[in-house]
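Asks: dropping a prediction and its sequence here:
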Amino acid sequence: MHRQPIAVSLVGAGYMASEYAKCLMADSRFKISGILSRNYERAFDFATSYNIPIIAKSMEELYEKSHSDILIITTPEMATLNVSLSAFSFPWILLIEKPVGIDLDQSSIILDAYLKSNAQGYVALNRRFYDSTSKALHLFDEDNGNRIIQICDQQDLIAARLSGQPEKVLENWMYANSIHLIDYINLFARGEVLEINTRTEEFQDTLFVNSNITFSSRDFVSYFCIWNGPGGWSVNIRDKSIEVRLEPLEKIWIRRFPSRTLELESDLSDSRFKPGLQNMLDQLFNLVTTGNSELPNLKASHDLMKLVKEIYKGINVPE
């Protein structure tokens, strides 16, 4: 049996690192054994706040001194490539915050290096592990015919720019943020993609993207995104017997045919920490102790990036 608590190190000392740290500190199965950040002073303050014993100045030092089983990478998008390549030198389990690379080219470089390494790599897509998402997947366990999946996305590049996001990240914002909504396509649509038809409309400074995707299972996806205009995030899945709506994504609404009433499911539990993180830690624990996990690996991450690329092929998002 694997020793417990399981040792975890963090790369990055920002918002997401803090969210992971709060969740890890409350879970007796884990301990935070080390941290690495390009800003040593920030790492020192972070380590002090969360009682982390090792503050490393390199990936090698982090691995050798922390004796960590798991490394969680929470760096900004522009740093993910170099940090990931460095981490692959050591045989730990990696959980890398999305996107794994700023664009598809970087994702390819990361995947190639990963496949040559001894590391185990997974992507952190926390919305996959919302209690609402898990409940929705369970409701569609039975095959009740074709599914129609409608996804509404909204992205605000104006706000992202004001928050200090680099131009390179803004140019690839569909990988940085829309990837969460597009991942629901992989979760609920079955079979192989047969055709992707995307059209756009512009109105003043707002871009509307509408992509229709057909699958070999005869499932159908309609993905709609508003760029720089009012909107929200939602996912709607229906077959001949049930309609499920995630809006906001943390909440699940259910309508069973022939009822016309949409009912809110109220027994969801992942509200103590950032939704999805505790369930991802459960998956990491299973991975270390049993070798089994539902976390998407880096090949799945790359396939998701390819789907984003196909949807947004030839589209220039507004500035």
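Replies: Arrived safely, thanks for sending. Residues are numbered from 1 along each chain as shown.
Asks: so where's this protein shaky on pLDDT?
Replies: Residues of the chain meeting the criterion pLDDT under 70: 1, 266-270.
Asks: which SS state does the residue of it positioned farthest from its centre fall under?
Replies: Ranked by distance from the centre of the chain (CA atoms, centre = their mean), the top residue is residue 258, with 34.7 Å. Assigned by DSSP: H, G, I helix; E, B strand; the rest coil, the conformation of residue 258 is coil.
Asks: contacting residues around it?
Replies: Residue 258 makes contact with no residue under the criterion CB atoms under 8 Å, 6 or more residues apart in numbering. To be clear about C-beta, it is placed using only N, CA and C from the backbone, and glycine gets the same treatment.
Asks: now with 10 Å, please.
Replies: For residue 258, the contact set (CB atoms under 10 Å, 6 or more residues apart in numbering) comprises residue 241.
Asks: how close does it get to residue 237?
Replies: Residue 258 sits 18 Å away from residue 237, going by CB to CB, to the nearest Å.
Asks: what about the strands in this structure?
Replies: For the chain, the strands defined by DSSP state E occupy 6-11, 30-36, 54-56, 70-73, 93-97, 120-124, 148-155, 193-203, 206-215, 220-227, 234-238, 242-246, 252-256, 263-264.
Asks: in its sheet, what does the shortest one sit against?
Replies: Next to strand 263-264 in the sheet, as set by DSSP bridges, lie strand 252-256 (antiparallel).
Asks: quick check: buried residues in the partner strand?
Replies: Within strand 252-256, the residues that count as buried by 16 or more other CB atoms under 10 Å are 252, 253, 254.
Asks: angle of it against strand 234-238?
Replies: 20 degrees (axes from the mean of the first three to the mean of the last three CA atoms, to 10 degrees).
Asks: the inter-axis angle of strand 252-256 versus strand 242-246?
Replies: Using the same axes, to 10 degrees: strand 252-256 against strand 242-246 is 170 degrees.
Asks: can you list contacts of strand 252-256?
Replies: 130-136, 139, 234-236, 238, 241-247, 261-268.
Asks: run the last query once more with 8 Å
Replies: Outside of strand 252-256, the residues that reach it under the criterion CB under 8 Å, 6+ apart are 132, 135-136, 139, 241-247, 261-265, 268.
Asks: mind checking how far that strand is from the chain centre?
Replies: When C-alpha coordinates are averaged (CA atoms, centre = their mean, to the nearest Å), strand 252-256 and its chain have centres 24 Å apart.
Asks: and for stretch 311-319?
Replies: 21 Å.
Asks: start to end distance for it?
Replies: Stretch 311-319 has an end-to-end distance of 19 Å (CA to CA, to the nearest Å).
Asks: swap in stretch 149-160?
Replies: End-to-end distance for stretch 149-160: 28 Å, by CA to CA.
Asks: got it, and stretch 227-238?
Replies: Using CA to CA, the end-to-end distance of stretch 227-238 comes to 26 Å.
Asks: quick check: buried residues in that stretch?
Replies: With burial defined by 16+ other CB under 10 Å, the residues of stretch 227-238 counted as buried are 227, 228, 229, 231, 233, 234, 235, 236, 237, 238.
Asks: can you check stretch 84-96 too?
Replies: Those buried within stretch 84-96 under the rule 16+ other CB under 10 Å are 84, 86, 87, 88, 90, 92, 93, 94, 95, 96.
Asks: run a quick check on the second one versus residue 59, I expect a contact.
Replies: By that I understand residue 86. Yes - contact criterion CB atoms under 8 Å: residue 86 and residue 59 qualify, at 4.4 Å.
Asks: can you show me the helices along the chain?
Replies: Using DSSP state H, the helices assigned to the chain run over residues 15-25, 40-50, 59-66, 80-87, 104-115, 131-139, 157-162, 167-171, 173, 179-188, 277-290, 298-311.
Asks: closest to residue 197 out of these?
Replies: Closest approach to residue 197 among the helices of the chain (CB to CB): helix 298-311, 10.0 Å.
Asks: and that closest one with strand 193-203, angle?
Replies: Using the same axes, to 10 degrees: helix 298-311 against strand 193-203 is 50 degrees.
Asks: run the chain-centre distance for helix 298-311.
Replies: With CA atoms, centre = their mean, you get 12 Å for helix 298-311.
Asks: give the buried residues for that helix.
Replies: By neighbour count on 16+ other CB under 10 Å, the buried set for helix 298-311 is 298, 301, 302, 304, 305, 307, 308, 311.
Asks: residue 185 touches residue 153, doesn't it?
Replies: No - judged on CB under 8 Å, residue 185 makes no contact with residue 153 at a distance of 11.1 Å.
Asks: sweet, I'm off.
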